[in-house]
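Colleague: Sequence and predicted model, in that order:
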Amino acid sequence: MDASEGRADAADSARDSRECRICHAGAEDGPLSQPCGCRGSASWVHRACLERWRRSSTRRDAAYRCGTCKVEFRDELSLELLRARLDAQRERGSAGALHSMSRLAVELQAQGRLAEAEPLLREALEVCRATRGASHSDTLLSTTRLAALLQDRGELAQAEPLCREALEASRAALGTRHATYLVAMNDLASLLHDRGKLSQAEPLYRECLAARRRLLGPRHPDTLVSLSNLGTLLRSLGRLEEAAPLQEAALQLARETLGRRHSDTLAYLSNLGLLRLAQGRLGEAEGLCREAAEESRATQGLQHPETAASMSNLAALLKAQGRLDEAEELYRAALESRRALLGGSHPSVLRSASSLSALLRARGRGEDAAEPPTRPEAAARGRGEDAAEPPTRPEARLRRRDGPHRSMRRSVSSAGALPAADGTLVADGGGCAGCSAANTGATSDNERHGAPQERGLRL
Ligand SMILES: [Zn+2]
Ligand SMILES: [Zn+2]
């Protein structure tokens, strides 16, 4: 027997020893799959066994995630089970319906079904306002969730009053020296930036950066977010020389404090790369964007929103250099990965499709291009299209759910406790076990997707 046969035998016996973690039978009873992040002997399960467990378990989260590793299944069954629970609670008039509403909305959003999530988030916000009051942490979280959803749908004008409301509510409840208030300020600045109200965004970004330096210190991750966001705004304003030291400092400090491979560090790499592109320093830009794409692929895998975003940025750069074959290949890979992750109608997917179409049209192969996105909200957002326009187009900012960002959603849920309107501390979801579970869901969703918005990459 030669060595290669020995290896084949070893692989066969490893395959033979796989068994379902629920029924302990092997592949002879049906194909075994690895549906979550569990590894080792607990990683394999029969699809039917898992479905039976999810349908019958008394665990609240069995409907949508693995009880051990907490990785979410993100499938149709999650939606079916969460809908059924919500319907049953509505029928009984149960208070748990508020939590189920939020949880279902989070799940729909994560699966890219934003239109279906919106009415649920609107209803949840109404219920929170009516039963908990304007300054309660649940109301604040509901407000920021709906604002973020509207932003993802490109409904920026509708999102603006909600961002202002969240800022006002957190100021009233927490004061101006609280980290959550500063997150709300940053969120509003970021929205104004997306709306093209650059001169209104600048003083807010500056105030937020100054307050974070003072309260959190110059090396805190949130301070670095502010540095980079202000730098990105200045790039949008064409003030490239002012932007450069901010983007350089954000990257340098992130490398020192978070490490070279942290997802924030990779975002700053891309942001500096895009600034170099705007400055016409193409060689440097390529090095930075390539490093971001390769590191993201190595650490987060090919099927990850941030990897897709960094590939897209690199493609825009290659397109600007006239290296169209390489750009096309990267745009296609980014589109495929986003489609697999998010379905066909998610804004990120539409942006990717639009970038690829623009490239194909530029190459005289318009007929090969998929239909460009026609949804009004995709056009209205005025960012989008990774490179349907020249990649330096200032407003073409990717303010994605999948971009690294500490948003209010995360901050509120991870803060754990917020003062109520009367100044007493309300434990996160203290009045509502459901909301605290929903918050946990949103947090892990953000973490898995790299967390949203604040300092999206710009093209
Ligand atoms: Zn089984
Ligand atoms: Zn697991």
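Modeller: Nice, I can see it. Residues are numbered from 1 along each chain as shown. Ligands and ions are numbered 1, 2, ... in the order given.
Colleague: ok, Gly67 - how many residues close by?
Modeller: Number of residues near Gly67 (other Cβ atoms under 10 Å) recorded here: 13. All C-beta atoms are positioned from the backbone trio N, CA, C, and that covers glycine.
Colleague: For the residue of the stretch 101-250 of the chain found nearest ligand 1, give me its contacts.
Modeller: Scanning the stretch 101-250 of the chain for the residue nearest ligand 1 gives Glu107, at 24.9 Å (criterion: Cβ to the ion). Counting by Cβ atoms under 8 Å, 6 or more residues apart in numbering, Glu107 makes contact with 64, 72, 74, 78-79, 82, 441.
Colleague: Can you pull out the low-pLDDT segments for the chain?
Modeller: Low-confidence segments of the chain (pLDDT under 70): 1-16, 367-459.
Colleague: At the contact with ligand 2, which residues of it appear?
Modeller: Taking Cβ under 5 Å from the ion, the part of the chain that reaches ligand 2 is made up of 36, 38, 66, 68-69.
Colleague: Apply 8 Å and report the result again.
Modeller: Taking Cβ under 8 Å from the ion, the part of the chain that reaches ligand 2 is made up of 35-38, 42-43, 66-71.
Colleague: what are the ranges of the strands in the chain?
Modeller: 32-33, 45-46, 417-419, 425-427 (DSSP state E).
Colleague: Excluding chain neighbours, what is closest to the residue of the stretch 51-200 of the chain found nearest ligand 1?
Modeller: With Cβ to the ion as the measure, Arg52 is the residue of the stretch 51-200 of the chain nearest to ligand 1, at 8.7 Å. For Arg52, ignoring the flanking residues on the chain, the nearest one in space by Cβ to Cβ, 6 or more residues apart in numbering is Ile22 at 7.8 Å.
Colleague: For the residue nearest to Leu162 when sequence neighbours are not counted, give its distance to Leu121.
Modeller: Excluding the flanking residues, the one nearest Leu162 by Cβ to Cβ, 6+ apart is Ala147, at 3.8 Å. Computed as Cβ to Cβ, to the nearest Å, the Ala147 to Leu121 distance reads 9 Å.
Colleague: how close does the residue lying closest to Thr131 once chain neighbours are set aside sit to Ser142?
Modeller: What sits nearest to Thr131 in space, not counting adjacent residues and going by Cβ to Cβ, 6+ apart, is Leu98, at 8.0 Å. Look at Leu98 and Ser142: by Cβ to Cβ, they are 9 Å apart.
Colleague: can you check Glu284 too?
Modeller: 44 Å.
Colleague: Can you name the residues of the stretch 151-300 of the chain that neighbour ligand 1?
Modeller: Near ligand 1, when you scan the stretch 151-300 of the chain using Cβ under 8 Å from the ion, you find nothing.
Colleague: Compare Leu98 and Ser142 (neighbour count), which wins?
Modeller: Ser142 (30 against 23).
Colleague: The more buried one contacts Leu125, doesn't it?
Modeller: Yes. With contact defined as Cβ atoms under 8 Å, Ser142 counts as touching Leu125 (4.2 Å).
Colleague: and for Leu98 and Ser142, which residues touch both?
Modeller: Both Leu98 and Ser142 are contacted by 124, 128, under the criterion Cβ under 8 Å, 6+ apart.
Colleague: on that earlier part again, right, and the pair among the contacts of Glu107 with maximum separation?
Modeller: Leu79 and Gly441 (13.5 Å; Cβ to Cβ).
Colleague: Between those two, which has more neighbouring residues?
Modeller: The neighbour comparison of Leu79 against Gly441 (other Cβ under 10 Å) goes to Gly441, with 24 against 18.
Colleague: Going by residue numbers, what spans are helices in the stretch 251-400 of the chain?
Modeller: Assignment of helices within the stretch 251-400 of the chain using DSSP state H, counting those that start in this stretch yields the ranges 263-278, 282-300, 305-320, 324-342, 347-362, 376-380.
Colleague: and the fourth one, what does it pack onto?
Modeller: Going back to what we said before, that points to helix 324-342. Helix 324-342 is packed against helix 305-320, helix 347-362, with contacts defined by 3 or more Cβ pairs under 8 Å, 6 or more residues apart in numbering; DSSP states H and E.
Colleague: Looking at those helices, which is nearest to Gly273?
Modeller: Among those, helix 305-320 comes nearest to Gly273, with 6.8 Å by Cβ to Cβ.
Colleague: Tell me who's in contact with Ala334.
Modeller: Per Cβ under 8 Å, 6+ apart, neighbours of Ala334: 308-309, 311-312, 315, 352, 355, 386.
Colleague: Which of these sits closest to ligand 2?
Modeller: Ala308 (24.0 Å).
Colleague: Gly67 against Asp61, yeah?
Modeller: Yes. Counting by Cβ under 8 Å, Asp61 is a contact partner of Gly67 at 6.8 Å.
Colleague: hmm, back to that, Ala147 and Leu121: which is more packed in?
Modeller: Ala147 (30 against 25).
Colleague: which residues sit in contact with that one?
Modeller: Residues near Ala147 by Cβ under 8 Å, 6+ apart: 159, 162-163, 166, 187, 191.
Colleague: picking that back up, now that we have the contacts of Ala334, can you turn them into TSV and tack on distance to Asp222 and neighbour count?
Modeller: As requested, the contacts of Ala334 are exported to TSV (distance: Cβ to Cβ, whole Å; neighbours: other Cβ atoms under 10 Å):
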residue	distance to Asp222	neighbour count
Ala308	25	32
Ala309	21	32
Met311	27	28
Ser312	26	32
Ala315	30	31
Ser352	29	31
Ser355	31	29
Asp386	27	31
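Colleague: Of those residues, just say which sits nearest to Glu116.
Modeller: Distances from Glu116 to the contacts of Ala334, taken by Cβ to Cβ, are shortest for Ser352, at 21.6 Å.
Colleague: I'd say the closest one and Ser312 touch.
Modeller: Yes. Using Cβ under 8 Å, Ser352 is in contact with Ser312, at 6.5 Å.
Colleague: tell me, how many neighbours does Ala244 end up with?
Modeller: Residues near Ala244, counting by other Cβ under 10 Å: 19.
Colleague: circling back to that earlier point, which one of the contacts of Ala334 sits closest to ligand 1?
Modeller: Once Cβ to the ion is applied, the member of the contacts of Ala334 that ends up nearest ligand 1 is Ala308, at 33.7 Å.
Colleague: can you tell me how far the closest residue to Gly287 other than its chain neighbours sits from ligand 1?
Modeller: Leaving aside its chain neighbours, Gly287 sits nearest to Gly273 (7.8 Å; criterion: Cβ to Cβ, 6+ apart). As judged by Cβ to the ion, to the nearest Å, Gly273 and ligand 1 stand 48 Å apart.
Colleague: and stretch 81-95, C-alpha only, in PDB?
Modeller: Output of stretch 81-95 as PDB, limited to C-alpha atoms (Å, rounded to 0.1, in the frame of the first residue of the first chain):
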ATOM      1  CA  LEU A  81     -41.100  29.400  13.300                       C
ATOM      2  CA  LEU A  82     -40.800  33.100  14.400                       C
ATOM      3  CA  ARG A  83     -43.900  34.000  12.500                       C
ATOM      4  CA  ALA A  84     -45.900  31.200  14.100                       C
ATOM      5  CA  ARG A  85     -44.700  32.300  17.500                       C
ATOM      6  CA  LEU A  86     -45.700  35.900  16.900                       C
ATOM      7  CA  ASP A  87     -49.100  34.900  15.500                       C
ATOM      8  CA  ALA A  88     -49.800  32.800  18.600                       C
ATOM      9  CA  GLN A  89     -48.800  35.600  21.000                       C
ATOM     10  CA  ARG A  90     -50.900  38.100  19.200                       C
ATOM     11  CA  GLU A  91     -53.900  35.800  19.400                       C
ATOM     12  CA  ARG A  92     -53.400  35.400  23.200                       C
ATOM     13  CA  GLY A  93     -52.700  39.200  23.600                       C
ATOM     14  CA  SER A  94     -49.300  38.200  25.100                       C
ATOM     15  CA  ALA A  95     -46.800  40.900  26.100                       C
END
